[in-house]
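Chemist: can you look at this prediction? I've put the sequence above it.
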Amino acid sequence: MIALVTGTGRSGTTLVSETIARHPGTGFVSGLDDKLPRLNLVGRYNGRLYRRSSQRHSSMRALAEARTLFERGRMRVAPSEAYGLLDRHVFAGFSTPCRDLVADDMTPYLQRRVVEFFGERIAAQGCEVFVQHMSGWPRTGFLRAAVPDLKVVNVVRDPRAVSNSWLQMGWWDGWEGPDKWIFGPLPADLREQWERSGRSFPVLAALGWVMLMRAYESAREATPADHWLDVRYEDVLADPRQEFGRILGFLGLDWSPAFEEGFARNTIESHRASPWVTELTPAQVTAIEAVLAEPMAHWGYRLETDR
């Protein structure tokens, strides 16, 4: 079975996918596999190597954004989104579609490639659950068209935190505006809100989150209820044992002694929940909340003006 751990990006998917991958019943694509896509490594020893390694530090960024030549924990085998590998072995552009990839985008040719990609790795790693980390557009409809038993763990985070984090990332290209950024064009209603904000970049990031979350709502509606689990990042930080117990149960995995040992290797930093409080100005928070009020209420996040 394949489990897709997904979210809008900067939502906590790395923490969730890396913690699940501590379970000996899981397999995954590693960063090493991704950096050497032409070798088509199938990760036979990924789990064995990863489960002996230390936790990735929360401050570590993508290699292309590294600020120092050497970083502790950089050289390790760990779960990866593996977009370079997926672009090469599924289809070029899988990593950067201008909209969500849905079931109607699947062709018999691509179906064979998807099944082969995951099938080779599941067989080589001998796992019960293959954990695939992904972010940005859901792509769940597209993947389910090839792998119907796919299960989805959707990690949701306070959109103020997501927006703030996007603005700090090297891949964030919203500075060029929504006509050129990675996500494709904004819907007309969101474009109008951005124009009304004076073309605020923090507001643009927030509207990008809204656009992606609309796609996640549509993806959830197209997925059987017992194949989709929503998890709030803040709940994971507040009570990690309860939330990871819920995730493991959803995936049909037990909380084994081996997983307990791996779980104990991870330090979950609760202070990472709301850095936006000090990293955005009050005026920026107010502008962001003006476009986020409805989805924030839906997901149980309180506005600053309500505190």
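Modeler: Okay, I see it. Numbers count the residues shown, from 1 in each chain.

Chemist: now the lowest-mean-pLDDT helix or strand in the chain: buried residues?
Modeler: Least confident helix or strand of the chain, by mean pLDDT, DSSP states H and E, is helix 31-35 with a mean of 88. Residues 31-34 are the ones in helix 31-35 that count as buried (16 or more other CB atoms under 10 Å). Yep, even glycine has a C-beta here, placed from its N, CA and C like the rest.

Chemist: same deal with stretch 300-307?
Modeler: Going by neighbour count (16+ other CB under 10 Å), the buried part of stretch 300-307 is 301, 303.

Chemist: what's the answer for stretch 210-230, then?
Modeler: Buried residues in stretch 210-230, defined by neighbour count with 16+ other CB under 10 Å: 210-213, 215-216, 219-220, 223, 227-229.

Chemist: one more: stretch 171-181?
Modeler: Quick answer for stretch 171-181 (16+ other CB under 10 Å): 172, 174, 178, 181.

Chemist: can you give me the end-to-end span of it?
Modeler: With CA to CA, to the nearest Å as the measure, the ends of stretch 171-181 fall 10 Å from one another.

Chemist: state the next helix or strand along the chain beyond the longest helix seen in the chain.
Modeler: The longest helix of the chain (DSSP state H) is helix 201-221. Next along the chain after helix 201-221, taking DSSP states H and E as the criterion, comes strand 228-232.

Chemist: partner strands of that next one, with direction?
Modeler: According to DSSP bridges, strand 228-232 forms sheet pairs with strand 151-156 (parallel).

Chemist: by how many degrees do the helix or strand just after the strand it pairs with and helix 201-221 diverge?
Modeler: Sequence order places helix 159-166 as the next helix or strand after strand 151-156, per DSSP H and E. In terms of direction (axes from the mean of the first three to the mean of the last three CA atoms, to 10 degrees), helix 159-166 departs from helix 201-221 by 120 degrees.

Chemist: what's the longest helix of the chain packed up against?
Modeler: strand 151-156, helix 159-166, helix 188-196, helix 282-298 (3 or more CB pairs under 8 Å, 6 or more residues apart in numbering; DSSP states H and E).

Chemist: would you reformat these as TSV and include distance to Val5 and mean pLDDT?
Modeler: TSV is the format used below for those (distance: least, CB to CB, whole Å; pLDDT from 0 to 100):
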stretch	distance to Val5	mean pLDDT
strand 151-156	5	98
helix 159-166	16	98
helix 188-196	26	98
helix 282-298	21	97
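
Chemist: save these as CSV, and put in distance to Pro257 and mean neighbour count too.
Modeler: Below are the helices and strands packed on helix 201-221 laid out as CSV (distance: least, CB to CB, whole Å; neighbours: other CB atoms under 10 Å):
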stretch, distance to Pro257, mean neighbour count
strand 151-156, 23, 23
helix 159-166, 34, 24
helix 188-196, 48, 14
helix 282-298, 39, 17
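
Chemist: of these, which is nearest Asp105?
Modeler: strand 151-156 (17.2 Å; CB to CB).

Chemist: quick one, strands of the stretch 51-200 of the chain?
Modeler: Taking DSSP state E, counting those that start in this stretch, the strands of the stretch 51-200 of the chain run over residues 129-133, 151-156.

Chemist: tabulate those (CSV), appending distance to Gly119.
Modeler: Formatted as CSV, those follow (distance: least, CB to CB, whole Å):
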stretch, distance to Gly119
strand 129-133, 9
strand 151-156, 17
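
Chemist: spatially nearest residue to His23, not counting backbone neighbours?
Modeler: Phe259 (4.6 Å; CB to CB, 6 or more residues apart in numbering).

Chemist: moving C-terminal from the helix or strand containing that neighbour, which element do we reach first?
Modeler: Per DSSP H and E, Phe259 falls inside helix 257-265. Using DSSP H and E, the helix or strand that follows helix 257-265 in sequence is helix 276-279.

Chemist: could I get stretch 124-133 in CSV with only the CA atoms?
Modeler: Backbone C-alpha positions of stretch 124-133 (Å, rounded to 0.1, in the frame of the first residue of the first chain) are rendered in CSV as follows:
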residue,chain,number,x,y,z
ALA,A,124,13.0,-4.0,-3.3
GLN,A,125,12.3,-2.7,0.1
GLY,A,126,9.8,-5.3,1.1
CYS,A,127,7.6,-2.9,3.0
GLU,A,128,4.0,-3.0,4.1
VAL,A,129,3.5,0.7,3.5
PHE,A,130,5.4,2.9,1.0
VAL,A,131,5.5,6.5,2.3
GLN,A,132,5.7,9.1,-0.4
HIS,A,133,6.3,12.7,0.8
